[in-house]
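**Q** Quick one, fold the following:
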Amino acid sequence: MAKLLEDTTLDDIRTKQSITALKETASVEQALKARGRMQFAVLASKRVLSAPVKLAHATPDGSGATIFGFVDVRDIVSSFFQLELRGVDLKGMKMLQRMRVLEEKGQAFAPLALKDLPIIGGDGDFYHLEQGTVPLSEVVLHGLLAPPLRGDPAGGGDGSGNGAGNGGAALDAGGDAVMTPAPPARSGSGVSVGSAGGGPTTRLSPALRPVCSLKSRARPVAVVHRLALYDDAEAIVNIISQTDIVRFLAINRSHLGPIARKTVQELGWCPKQVVAVTPDVSAIEAMALMNDSHISAVAVVDSVGKIIGNFSVSEMRTIMAEHFGALALPVGEFLALEHGTEFVGYRRITDDGVRSTPGHRFVTDRVARTRPRTPGEEVGQSLVLVGPNATFADVVERIVSHRIHRVYVIDDEERPVGCATCTDVLRAVIAAHAAAR
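**A** The predicted structure follows:
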């Protein structure tokens with residue numbers, strides 16, 4: 001595998017793409033439109049969560065820069081919490097009142113221009129096409145897993161999580177979140193660190209550095225999920241994502257070596273804590289939990305801890321600003337509606353006091369006996385799950401074939417005991433590469 005990563009370059013994995021950038025003056029509503037002309041319309045259909053943003057006019061300093069940066073769905077969600085939900089006690093409201101408040105807040109938020117979002121631009125970086133000869137090992141390590149971090153968290157971006165958190169909204173989804181402190185920030189947003197041995201470095205042209213200071217506006221990130229390649233005319237010609245690298249690994253699985261046979265447990269992907277919510281928690285509370293925990297998804301589990309769904313920030317890709325009220329719905333119902341099915345509300349069963357009765361147990365047990373359960377069917381999803389003995393190659397294959405970003409690890413009772421993401425895959429590859437050198 002070491003030879004594969006050293007001999008393969010960015011140019012080798014680039015494919016022909018048609019990249020449409022958003023303008024900095026585009027509104028949040030335009031960015032979130034599911035059937036508009038903007039890039040997020042493409043993102044919604046291709047399961048991509050971000051888009052490059054271009055400046056609308058020449059810069060005051062005359063640098064000629066045309067690139068503003070990246071915007072992704074998490075930027076929009078984080079900005080919504082900070083601008084519209086600061087100090088709002090949604091937790092104490094009944095569902096209909098919460099729905100009305102979210103609709104009003106969504107309509108007020110919708111006209112905001114992307115350039116005015118308080119949190120934007122942390123999850124992405126830029127390479128000039130000249131860097132196409134950089135080995136894939138360098139791209140993964142120094143471009144994606146150890147990116148140049150923007151600015152000083154103390155300078156206004158609030159590395160404590162307040163700026164990237166819910167802005168003081170009084171929400172408590174319950175459960176424990178894994179909080180990983182953001183590492184110290186490094187200055188110089190245009191430079192990707194070269195190898196310790198004096199290998200290639202990647203540098204963002206001064207003329208293309210984001211004109212708007214992102215030091216106080218980017219979410220604190222330990223990794224980035226995408227890199228944009230631009231030409232001399234400052235046109236973005238390619239976007240390479242973590243998923244693209246994982247797809248390359250799947251295609252070349254025969255060259256992976258011993259790591260391909262390592263189990264999920266041996267790789268340390270389980271057991272580990274999984275952030276989860278129950279289906280009766282509102283979607284906005286689940287979003288707040290993800291926002292505060294700096295994660296992009298939570299597992300949805302039933303009363304005994306069995307996984308029944310996955311709720312991720314990508315659910316916001318196709319929601320219109322005037323539909324923000326739907327986030328007041330319970331997660332289970334929200335997911336079911338998104339996937340065109342009906343969710344039998346857990347709260348209704350609980351309120352009627354029938355869940356623990358012998359009759360209810362008989363009916364549910366009978367249903368379970370007559371038809372095998374498909375994980376996720378309760379909310380219209382088809383979950384991709386593995387056990388602790390699944391191999392690295394198994395996880396890579398599932399991520400690629402199902403076009404997903406994470407695979408949950410479950411025990412014999414279908415309870416989530418771990419999770420493997422594209423970032424985990426790349427970290428394991430780099431660790432194996434380093435050990436082989």
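**Q** Isn't Tyr102 up against Leu329?
**A** Just so we're on the same page, residue 102 is Leu rather than Tyr. No - if you go by C-beta atoms under 8 Å, Leu102 and Leu329 don't touch, sitting 10.0 Å apart. In this view, the C-beta of every residue, glycine as well, is placed from N, C-alpha and C.
**Q** So for these two, which residue has more residues nearby?
**A** Taking neighbours as other C-beta atoms under 10 Å, Leu102 and Leu329 compare with Leu102 leading, 26 against 20.
**Q** How much space separates Val223 from Val264?
**A** Distance, Val223 to Val264, by C-beta to C-beta, to the nearest Å: 20 Å.
**Q** For these two, work out which one has more neighbours and name it.
**A** Per other C-beta under 10 Å, whichever of Val223 and Val264 has more neighbours is Val264, with 25 against 16.
**Q** Quick check: that one touching Val396?
**A** No - counting by C-beta under 8 Å, Val396 is not a contact partner of Val264; they are 11.5 Å apart.
**Q** Now the common contact residues for those two.
**A** Counting by C-beta atoms under 8 Å, 6 or more residues apart in numbering, Val264 and Val396 have no contacts in common.
**Q** Where do the domain boundaries of this protein fall?
**A** Per automatic domain parsing, the domain ranges recorded for the chain read 2-241, 259-436.
**Q** Which one of these has the poorest average confidence?
**A** Lowest mean pLDDT of the domains of the chain: domain 2-241, a mean of 70.
**Q** Report the secondary structure element holding Tyr408.
**A** For Tyr408, the element it lies in under DSSP states H and E is strand 406-410.
**Q** Neighbours of the closest residue to Arg261 other than its chain neighbours, how many?
**A** Nearest residue to Arg261, sequence neighbours excluded (C-beta to C-beta, 6 or more residues apart in numbering): Thr391, at 5.6 Å. Thr391 has 17 neighbours, counted by other C-beta under 10 Å.
**Q** before we move on, what about Ala432?
**A** The tally of other residues near Ala432 (other C-beta under 10 Å) stands at 20.
**Q** Give me the phi and psi angles of it.
**A** With angles defined as degrees, to the nearest 10, Ala432 sits at phi -70, psi -40.
**Q** What of Ser303?
**A** Dihedral pair for Ser303: phi -70, psi -20, per degrees, to the nearest 10.
**Q** Repeat that for Ala420.
**A** Main-chain torsions, Ala420, degrees, to the nearest 10: phi -120, psi 120.
**Q** Now do the contacts for it.
**A** Ala420 makes contact with Val264, Leu267, Trp269, Val386, Val395, Ile399, Arg406, Val407, Val409, according to C-beta under 8 Å, 6+ apart.
**Q** For stretch 68-88, C-alpha coordinates in CSV please.
**A** C-alpha atoms of stretch 68-88 as CSV (Å, rounded to 0.1, in the frame of the first residue of the first chain):
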residue,chain,number,x,y,z
PHE,A,68,-14.3,33.5,-1.3
GLY,A,69,-14.0,30.0,0.1
PHE,A,70,-16.3,27.0,0.8
VAL,A,71,-19.7,27.0,2.3
ASP,A,72,-21.3,23.8,3.6
VAL,A,73,-24.5,22.8,5.2
ARG,A,74,-22.9,22.7,8.7
ASP,A,75,-21.9,26.4,8.2
ILE,A,76,-25.5,27.2,7.5
VAL,A,77,-26.9,25.2,10.4
SER,A,78,-24.3,26.7,12.8
SER,A,79,-25.0,30.2,11.6
PHE,A,80,-28.8,29.7,12.1
PHE,A,81,-28.2,28.6,15.7
GLN,A,82,-26.0,31.6,16.4
LEU,A,83,-28.1,34.3,14.7
GLU,A,84,-31.6,33.1,15.2
LEU,A,85,-31.7,30.8,18.3
ARG,A,86,-29.5,32.6,20.8
GLY,A,87,-31.3,32.6,24.1
VAL,A,88,-34.4,31.0,22.6
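**Q** Please point out which parts of it sit buried.
**A** Within stretch 68-88, the residues scored as buried using 16 or more other C-beta atoms under 10 Å are 68-85, 88.
**Q** Stretch 2-21 now?
**A** Buried, per 16+ other C-beta under 10 Å, within stretch 2-21: Leu4, Leu5, Thr8, Thr9, Leu10, Ile13, Arg14, Ile19, Ala21.
**Q** Go ahead and name everything in contact with it.
**A** With C-beta under 8 Å, 6+ apart as the test, stretch 2-21 has contacts from 38-39, 42, 51-54, 127, 131-137, 139-140, 228-229, 236-240, 244-245, 248, 252, 255-256, 429, 433, 436-437.
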